[in-house]
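Engineer: pasting the sequence and the predicted coordinates here, then a few questions.
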Amino acid sequence: MSAAENEIVLCPYNPEWKTNFAKEKELLRIHLDGEFKSIIHIGSTSIEGMDAKPIVDISVAVHELKDAEYYIDKLSSIGYERSNGSKFEEWILLRKTHNEQKYHVHVMAHDSGRLFKQVLFKVYMEENAEDADLYARKKKAFLVLDEHIWYSMNKEPFVDEVNYYALVDILWKPSFWKKRVQDIMGYIPFPEIFTATDFLPSDELVHALFKGTNKYEEYKKMFSSEAEYVGLIFKLLEKNLPIEKLLEITKLTDGQLECLQNRK
C-alpha cells in the first residue's frame with residue numbers, strides 16, 4: 001500500500017455518501033444475482049452528521065460465505081478487487097474507486113456476529129448524539145498516530161464498548177431495537193436477544209460478538225450481572241408492589257419500569 005493510500009483523512013459528513021451507496025447497492029444487487037440476504041450501508045459514512053473517512057462501507061450478507069475468487073468473478077466487471085492483505089476467516093473485503101469515491105464491500109454470512117455488531121453500532125450512534133460526538137472527537141485525536149493500524153486499534157475498544165451498551169439497551173427497548181434492526185437488515189439475526197425476558201446471552205453468542213477482544217471475560221461477567229438484575233426486577237413485578245416501592249428498590253426511571261412491565 002502506497003503512502004498516499006495509507007493516509008487517513010476525516011471529512012465532514014457528505015449526503016452524497018448515502019446517494020452513492022444507493023447506486024452501488026443496485027449494481028451489487030444485479031451482479032450478485034440474488035445470492036445475498038441483505039446489502040447494508042455501514043460505518044461512519046452511513047451515520048448522518050458523522051465525520052468519516054470518505055469510504056462508503058457496504059456489508060453484503062450472504063446465505064453462505066464462499067471463497068474470495070467467487071465474489072471477484074462476480075464483481076470484477078464493476079471494478080472490484082480483493083483488498084491487499086485481506087485474509088479474514090469471517091468475511092471477505094473487496095474494494096474499488098469510481099468517480100473519486102472509494103467503496104469497501106465486506107462480504108459475510110448473514111448470521112455473522114461481526115455483521116450484527118456493525119448494525120448495533122450504527123443504530124446506537126444514530127440514537128445517541130453525545131456518544132456519536134465523542135466518537136468523532138476520539139477519531140480526530142487518533143489521527144495523530146497517522147497509521148491505519150494504530151488508528152484502527154485505538155478505535156476498537158470504543159466500538160466494542162458501544163456494542164456492549166447497545167446490547168444492554170435492548171433490555172429496556174426490545175421492540176424499538178427489533179424494528180430498527182429489521183428495517184436495516186431486512187431480517188432478525190439472533191432473535192433470542194429480543195424475546196428472552198432474562199436476557200442471559202449464551203456463551204456462543206457472546207463469543208460470536210466479542211471473540212478476539214481483550215474484554216471477552218469482562219463482557220461475560222457484565223452480561224451475567226445485568227441479566228441477574230433484570231431477572232430480579234421481573235420477580236419484583238410479579239409481587240404487584242406499588243410503583244413507588246418498585247422505583248425505590250430498583251432505582252429505575254418511570255420509563256424503564258414501564259418498558260419492563262410491558263415486556264413482562
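Structural biologist: Received, thanks. Computed from a predicted structure; not experimentally measured. Residues are numbered from 1 along each chain as shown.
Engineer: which stretches of the stretch 101-250 of the chain form helices?
Structural biologist: All helices of the stretch 101-250 of the chain, identified by DSSP state H, counting those that start in this stretch, fall at 113-127, 129-142, 148-172, 174-185, 192-195, 203-210, 216-238, 243-250.
Engineer: and the shortest one, what other elements does it pack with?
Structural biologist: Meaning helix 192-195. helix 148-172, helix 174-185 (3 or more C-beta pairs under 8 Å, 6 or more residues apart in numbering; DSSP states H and E). The way it works is simple: take the backbone N, C-alpha and C, and place the C-beta from them, glycine included.
Engineer: please apply the same query to the third one.
Structural biologist: Packed against helix 148-172, as judged by 3+ C-beta pairs under 8 Å, 6+ apart, are the following elements: helix 113-127, helix 129-142, helix 174-185, helix 192-195, helix 203-210, helix 216-238, helix 254-263.
Engineer: avg pLDDT for it?
Structural biologist: Averaging pLDDT along helix 148-172 gives 73.
Engineer: cool, and stretch 42-52?
Structural biologist: 95.
Engineer: would you mind extracting the C-alpha trace of that stretch into CSV?
Structural biologist: Extracted as CSV, the C-alpha positions of stretch 42-52 are listed here (Å, rounded to 0.1, in the frame of the first residue of the first chain):
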residue,chain,number,x,y,z
ILE,A,42,-22.4,0.5,7.4
GLY,A,43,-19.6,2.5,9.1
SER,A,44,-19.4,6.2,9.7
THR,A,45,-20.5,7.3,6.2
SER,A,46,-23.8,5.7,7.0
ILE,A,47,-24.4,7.8,10.1
GLU,A,48,-25.9,11.2,9.3
GLY,A,49,-23.7,14.1,10.6
MET,A,50,-20.7,11.9,11.4
ASP,A,51,-17.2,12.9,10.3
ALA,A,52,-15.7,10.0,8.4
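Engineer: contacts for it?
Structural biologist: 10-15, 17-18, 21, 53-59, 106, 118-119, 122, 125-126, 132, 135-136, 139-140 (C-beta atoms under 8 Å, 6 or more residues apart in numbering).
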